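Need coordinates for the below:
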Amino acid sequence: MRIAIFYGGQDFALQPLSRAEVLGIIDEEQKVVEQYENPAPEMGSQAAIEGLIELGAKAVIVRDDTLSQSEYKALKGQVKFMPTQLGNLYDVLEHLEEVKQGAKDQLEGLEQGESAQQES
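Next up, the predicted model:
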């Protein structure tokens, strides 16, 4: 499976899609992490979303601050979401099997926000 992850800085800290320096693709078959410059800071989040889909990501590792409501909406139905509280790329790689077990089609917090928007 190919899994997208957004991070940056010297400590490879997980960051929001809109600000992260790196769009990483964890390729489980090849046992590598491909690193791409995240286009979102310059070209907008949609460019990063299109990029991760084109790169074959089937899932996205997310923290509470990784995705905005609109980014979540654009990805929903195209990828699985793998929530984590881990702080950086290396922690995620070390615990990847555990993170994968938490894969979901929807994220409750963003789903609730979506229904609240529809009601108003």
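
can you pull out the strands in this structure?
Taking DSSP state E as the criterion, the chain contains strands spanning 2-8, 13-14, 22-27, 32-37, 59-62, 80-83.

Let's have these in TSV, adding distance to Leu52.
Where you see a C-beta, it was placed from the backbone N, CA and C, and this is true even at glycine. TSV is the format used below for these (distance: least, Cβ to Cβ, whole Å):
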stretch	distance to Leu52
strand 2-8	4
strand 13-14	15
strand 22-27	6
strand 32-37	9
strand 59-62	7
strand 80-83	12
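
quick one, which of those strands is nearest to Glu98?
Across these, Glu98 has its closest neighbour in strand 80-83 (9.8 Å, Cβ to Cβ).

which other residues reach the closest one?
Strand 80-83 has contacts (Cβ atoms under 8 Å, 6 or more residues apart in numbering) with 3, 58-63, 75, 99-100, 102-107.

Buried ones only from those, please, as a PyMOL command.
Selection of buried members from the contacts of strand 80-83 for PyMOL, criterion 16 or more other Cβ atoms under 10 Å:
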select buried, resi 3+59+60+61+62+63+75+99+100+103+107
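
Could you identify the most distant pair in the contacts of strand 80-83?
With distances taken as Cβ to Cβ, the most widely separated pair in these is Lys58 and Arg63, at 18.8 Å.

Go ahead and confirm Gln78 touches Ile53.
Yes: counting by Cβ atoms under 8 Å, Ile53 is a contact partner of Gln78 at 6.0 Å.

Which parts of this structure are helices?
40-43, 45-54, 69-75, 89-94, 96-101, 108-119 (DSSP state H).

how about the fourth one as PDB, C-alpha atoms only?
Read that as helix 89-94. Output of helix 89-94 as PDB, limited to C-alpha atoms (Å, rounded to 0.1, in the frame of the first residue of the first chain):
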ATOM      1  CA  LEU A  89       7.800  10.500  10.400                       C
ATOM      2  CA  TYR A  90      10.100   8.100  12.300                       C
ATOM      3  CA  ASP A  91       7.600   7.500  15.100                       C
ATOM      4  CA  VAL A  92       5.000   6.700  12.400                       C
ATOM      5  CA  LEU A  93       7.300   4.300  10.600                       C
ATOM      6  CA  GLU A  94       8.200   2.600  13.800                       C
END
